[in-house]
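Undergrad: here is my input, please return the structure:
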Amino acid sequence: MEKKTIICPVDFTNVSSIALEYASIFTQKIAGDLVIIHVIDRSTSTAANATSSPYSTPGGYDKLINEKLEALRGDLERKDGISVRTKIEYGNLEDIVPIFANDKETALVVMGTSGAKGIKEVFSGTHTIKVLERTFCPVLVIPEEAEFTIPQYWVYATDVKNNNEADANKIWQLCSLFDAKLDLLHVEKERGKKEMELEETKTLQDRSGEAIITFNKVKHKDILEGINQYIGEKEPDILAVIQHEHKKWDWLFKEDKISKIVENANFPILVLREE
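TA: Purely as a prediction, here's the structure:
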């Protein structure tokens with residue numbers, strides 16, 4: 001993988017240690033740099049501090065955040081042996097993160113969510129959805145209740161009308177860092193007659209060498225429920241999906257279409273923009 005930077009935004013009111021663990025292990029695998037970003041919203045950053053606090057002024061608050069970032073950087077470098085850089089930026093998270101994420105050197109953004117109990121909540125969160133819509137590199141979303149595990153089994157839920165080799169290859173590049181098993185899942189409606197073209201899958205398998213890539217076609221009356229059922233049975237370490245520009249998120253969560261399996265997902269979701 002040519003790109004060598006992993007971006008991980010942090011909020012010190014609710015730091016996701018699991019997100020940092022995932023960011024760290026991907027950084028190790030690509031032998032690159034981890035950039036930890038804390039975004040300060042000036043309108044709220046000092047309001048929560050007591051007026052008697054030495055950190056109640058903008059300069060004092062910035063100093064506090066910088067101290068925390070430096071402590072975090074030191075811990076990660078000592079523990080994981082990675083190169084870590086820190087940034088303090090001012091503005092809104094959904095504006096700042098895409099600026100760094102869309103840098104040509106950025107391979108991945110890792111974001112923890114706060115209070116999200118499943119995919120529907122993860123993707124309907126204000127900050128997360130805006131970052132996803134403005135970010136062109138892959139984004140790994142870590143639900144609050146996720147437990148860290150080495151991601152050795154991935155499921156890519158393909159969309160029959162929009163799947164292409166470029167999308168699958170992006171996922172494979174990240175998956176192959178861990179010599180992981182990758183399932184390409186296509187759910188075909190039981191009443192449907194259209195067959196998926198598999199040339200991109202065959203090409204991907206030809207490139208993968210000894211890697212384990214399997215293609216699974218499942219028939220179900222509802223595509224979303226079929227995906228939910230499959231991941232509920234297989235319990236992947238990471239679920240990968242593609243954000244299609246013209247569809248936004250409609251295919252992923254329609255009202256009353258997300259089963260309890262997906263709504264209660266406690267594993268990371270890798271989101272990529274359509275090539």
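Undergrad: helix or strand right after the worst-scoring helix or strand of the chain on mean pLDDT?
TA: Least confident element among the helices and strands of the chain, by mean pLDDT, DSSP states H and E: helix 260-263 (a mean of 43). Sequence-wise, the next helix or strand downstream of helix 260-263 (DSSP states H and E) is strand 269-273.
Undergrad: what is the mean pLDDT for that next one?
TA: Averaged across strand 269-273, pLDDT comes to 85.
Undergrad: and that strand, what does it pack against?
TA: Counting contacts by 3 or more Cβ pairs under 8 Å, 6 or more residues apart in numbering; DSSP states H and E, strand 269-273 packs against strand 139-142, helix 165-175, strand 238-243. Heads up, the C-betas are built off the backbone N, CA and C, glycines and all.
Undergrad: parallel or antiparallel, which strands does the shortest one pair with?
TA: To tie it back to what came earlier, the one meant is strand 139-142. Sheet pairing for strand 139-142, assigned by DSSP bridges, gives strand 106-112 (parallel), strand 269-273 (antiparallel).
Undergrad: ok, and what's touching it?
TA: By Cβ atoms under 8 Å, 6 or more residues apart in numbering, the list of residues contacting strand 139-142 from outside reads 16, 18-19, 22, 26, 101, 108-113, 122-123, 128, 131-132, 238, 268-272.
Undergrad: show residues contacting the next helix or strand after it.
TA: Where DSSP H and E defines the elements, the next helix or strand beyond strand 139-142 is strand 153-157. Strand 153-157 has contacts (Cβ under 8 Å, 6+ apart) with 168, 171, 175, 180-185, 187, 227, 230-231, 234, 236-241, 270.
Undergrad: wait, L184 sits on T214?
TA: Yes - L184 is within contact range of T214, at 7.1 Å (criterion: Cβ atoms under 8 Å).
Undergrad: so between the two, which is more surrounded?
TA: Shown here are L184 and T214; by other Cβ atoms under 10 Å, L184 has more neighbours (25 against 11).
Undergrad: secondary structure element holding the more buried one?
TA: strand 181-189.
Undergrad: can you check N66 too?
TA: N66 belongs to helix 58-80 when assigned by DSSP H and E.
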